[in-house]
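1. Okay, predicted coordinates and the sequence, questions at the end:
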Amino acid sequence: MTLELLKSKTGRTLIESHRGVEGDVPENSWPAIHLGHQLGADLIEVDVQMSRDDIAFLRHNYQLPDGRWCHDVSWDELKELKVEGESLPKLEDVLVWARDMGVILSLDIKSLFTPAGNLTQAVIHLLERTDTKDNVLLLFIDHPELFQTKLAYPELTVRALLSGRLMKYRDYLQSIKTDCVSLMYGMFRPEDVEEIHSAGVSIVLGGLWNLNTDLFSSLDIDIFNHGNPAEARKILENQQTISQ
């Protein structure tokens, strides 16, 4: 069953905590995940990669601090590493935690340096094994992989990551069968929001750098992606006050 993310259905803009949380603790670490949850995030976004022996784990950068590529290193080696003093979380353990805590995870599939489909299939296998399909939103920069995933598993909620403005949002987003799309602040126009919603697709806004914007009061932004849920909440509350 796909997740209900549209503001028109939820009644408010949801908050997504970026990379677990940013700033106070190492990103994509257990402390970041726990803090994002404690600060009241509706969704917790984390980055997923795969080891040489096909174990999915959390990390954003494709390379380790020592320069090795993550996909060239075995899990036995990776699990012993400390990055900024923290171990790399194993995805299966994070999924079990999310299921038990009732947390929604946004899993950014970092698959561009591994054979097509391998990481996604490993993640889906874990979702089935941990019974967490209803706890996740799968994020793809690789839109062909998003499309193939949605065809094979229509019950999954998928999200397309964009880095620029499209000519015809409705046609394109419907063609790849995405449920949700990420837009970066400053890379879309207000009229795009209505067009995207007309396709039944929800919108995540990220990369906000202008705190004086009126986007949240003037447009139906479904999800606000931010490094700190508490700060995101203040921004949304301030926008609500201005609109009143």
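-> Yes, it's here.

2. Confidence-wise, which helix or strand of this structure is lowest on average?
-> Least confident helix or strand of the chain, by mean pLDDT, DSSP states H and E, is helix 229-243 with a mean of 85.

3. residues of that one that come out buried?
-> 229, 232, 233, 235, 236, 239 (16 or more other C-beta atoms under 10 Å). C-beta here means a position set from N, CA and C on the backbone, and glycine is covered the same way.

4. Could I have the CA atoms of it written out in PDB?
-> Coordinates of each C-alpha in helix 229-243 appear next as PDB, following Å, rounded to 0.1, in the frame of the first residue of the first chain:
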ATOM      1  CA  PRO A 229      13.100  18.800  12.200                       C
ATOM      2  CA  ALA A 230      12.900  21.300  15.000                       C
ATOM      3  CA  GLU A 231      14.100  24.100  12.800                       C
ATOM      4  CA  ALA A 232      11.800  22.900  10.000                       C
ATOM      5  CA  ARG A 233       8.900  23.100  12.400                       C
ATOM      6  CA  LYS A 234       9.800  26.700  13.300                       C
ATOM      7  CA  ILE A 235       9.900  27.700   9.600                       C
ATOM      8  CA  LEU A 236       6.500  26.100   9.000                       C
ATOM      9  CA  GLU A 237       5.000  27.700  12.100                       C
ATOM     10  CA  ASN A 238       6.300  31.100  11.100                       C
ATOM     11  CA  GLN A 239       4.800  30.700   7.600                       C
ATOM     12  CA  GLN A 240       1.500  29.800   9.100                       C
ATOM     13  CA  THR A 241       1.600  32.900  11.300                       C
ATOM     14  CA  ILE A 242       2.400  35.200   8.400                       C
ATOM     15  CA  SER A 243      -0.500  33.700   6.300                       C
END
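
5. what's the offset of it from the middle of its chain?
-> The chain centroid and the centroid of helix 229-243 are separated by 21 Å under C-alpha atoms, centre = their mean, to the nearest Å.

6. Against which helices or strands is that helix packed?
-> In this structure, helix 229-243 packs against strand 14-17, helix 215-218, strand 223-226, with contacts taken as 3 or more C-beta pairs under 8 Å, 6 or more residues apart in numbering; DSSP states H and E.

7. Tell me how confident the model is about the last one, as a mean pLDDT.
-> Mean per-residue pLDDT for strand 223-226: 98.

8. Please apply the same query to the first one.
-> Per-residue pLDDT values over strand 14-17 give a mean of 98.

9. swap in stretch 142-154?
-> 97.

10. can you check stretch 87-94 too?
-> The average pLDDT for stretch 87-94 rounds to 98.
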